[in-house]
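Just to be clear, the model below is a prediction. Sequence and coordinates:
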Amino acid sequence: MYQIGHISKKLNISADTLRYYEKIELLPAISRNSSGIRQYSDYDISLIKFIKRAQRMKFSLDEISHLLDFRKSPISAQPQVRQMANEKLVETAIQIQELTTLKNELQLLVNLCTGDKDHCPILNGFEEK
Amino acid sequence: MPKILTIELISTFSCQRCQTARNFLKQVVEKFSAQQVLYKEVSVLEQIDYVVSLGVLNTPAIAINGKLIFRSIPTKKQLYTEIDKQLQGDMKCIK
C-alpha cells in the first residue's frame, strides 16, 4: 500500500489530480488507514496508469469513466460501452500506425546523420537547397 | 508482356557507400536489356515518405519493384540471384 505522495512522484501526477479523480468517482474511494491517510493499492495504481494512458490518447474523462467500467466487467458491459471501446480501439490502432511511421522516419534521419563523422548529410541537404 | 523489373537505389547525396553502390548497380544492370531491367535512383531527402514506407532505415538500400530487398550493398551473386528470381517469376506468370 502506498501513500499519495509516493504515487504522485512515481506516476508523475499531482496529488490534487489524484484527489480530484476520486472526487469525481473516476477512481473508486481509496482505502484509508486509521489516521485517515489514503492508502493506494496496486489495483489503484493500475487504474491510475490506465487513466493516464487514455488521457495521452486524448480520451475525455467521461469516455475514460466508461472504459474503466468496461475494464472492470467486460462481459456484462452495455452494448453502447462495448461499441465505444471498439471505436477507441480503432482510433488507437491508427495512432499507433502514425506514430510508428514517425518513429521510422526519425530513425532513418538519425541513422543518416550519424553515418558521417564530419557533417550531417541531412543538414547539408537542406543548406544546398 | 513481362513487366520491367525496376531496381531502385535509395541514397543520400553525400553518402560514400551510396557512390559505391551506384557504381556496382550500374555494372550489374548493364548486363540486362532496358526491356528487362530499369535502374532508378531515389533520394531520401526528396522522397522521404516513400523511403520510410519501404522500411528503409539507412542508406544505401535497394528496392526492386517497390519492395525493399537489400538493406545494404549485396554481393554481385546475391543481386544476380534476386534479379533472376524475379525475372523468372514473371516468365512463370506468362505460362
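All right, it came through fine. Numbering: from 1, shown residues only, chains lettered A, B, ... in the order given.

Okay, strands next: where are they in chain B?
Ranges of strands in chain B, per DSSP state E, are B:5-11, B:37-43, B:61-64, B:67-70.

Out of those, which gets nearest to residue A:69?
Smallest distance to residue A:69 across the strands of chain B (CB to CB): 44.7 Å, for strand B:67-70. In this view, the C-beta of every residue, glycine as well, is placed from N, C-alpha and C.

So which bits of that closest one are buried?
B:68-70 (16 or more other CB atoms under 10 Å in any protein chain shown).

swap in stretch B:11-29?
B:11-12, B:14-15, B:18, B:21-22, B:24-25, B:28-29.

Over to stretch A:22-39?
A:22, A:26-27, A:30, A:38.

Which of those residues fall within strands?
Among the buried residues of stretch A:22-39, no member falls in strands (DSSP E).

Max pairwise distance over those: which two?
The distance between the two most remote of the buried residues of stretch A:22-39 (CB to CB) is 14.8 Å, for A:26 and A:38.

measure the residue nearest the centre of chain A to chain B for me?
Closest residue to the average C-alpha location of chain A: residue A:53 at 1.3 Å, with CA atoms, centre = their mean. Taking CB to the nearest CB, to the nearest Å as the measure, residue A:53 falls 26 Å from chain B.

Tell me if that residue really is in a strand.
No. Using DSSP: H, G, I helix; E, B strand; the rest coil, the secondary structure at residue A:53 is helix, not a strand.

Export the strands of chain B as CSV, with columns for distance to chain A.
Shown next, in CSV, are the strands of chain B (distance: least, CB to the nearest CB, whole Å):
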stretch, distance to chain A
strand B:5-11, 10
strand B:37-43, 8
strand B:61-64, 10
strand B:67-70, 12
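
got TSV for these, with mean pLDDT too?
Output for the strands of chain B, formatted as TSV (pLDDT from 0 to 100):
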stretch	mean pLDDT
strand B:5-11	95
strand B:37-43	94
strand B:61-64	96
strand B:67-70	96
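
Any stretches of chain A with poor pLDDT?
Counting by pLDDT under 70, the low-confidence segments of chain A come to A:114-129.

all helices of it, in order?
All helices of chain A, identified by DSSP state H, fall at A:4-11, A:15-23, A:42-56, A:61-72, A:79-113, A:121-128.

From the contact counts, what lies against the helix-or-strand element of chain B with minimal mean pLDDT?
Ranked by mean pLDDT, DSSP states H and E, the weakest helix or strand in chain B is helix B:76-94, scoring a mean of 79. Applying 3 or more CB pairs under 8 Å, 6 or more residues apart in numbering or on different chains; DSSP states H and E, one finds that helix B:76-94 contacts strand B:5-11, helix B:16-29, strand B:61-64, strand B:67-70.

so how far is the longest one off the chain centroid?
The chain centroid and the centroid of helix B:16-29 are separated by 10 Å, computed with CA atoms, centre = their mean, to the nearest Å.

Now it: average pLDDT?
The average pLDDT for helix B:16-29 rounds to 92.

now the buried residues of strand B:67-70 in CSV, with distance to residue B:36?
CSV is the format used below for the buried residues of strand B:67-70 (distance: CB to CB, whole Å):
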residue, distance to residue B:36
B:68, 21
B:69, 16
B:70, 19
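
can you tell me how far residue A:71 sits from residue A:111?
For residue A:71, the distance to residue A:111 (CB to CB, to the nearest Å) stands at 39 Å.

next one: residue B:64
22 Å.

ok, these two, which is more surrounded?
Ranked by neighbour count (other CB atoms under 10 Å in any protein chain shown), residue B:64 and residue A:111 place residue B:64 first, with 18 against 13.

Fine by me, thanks again.
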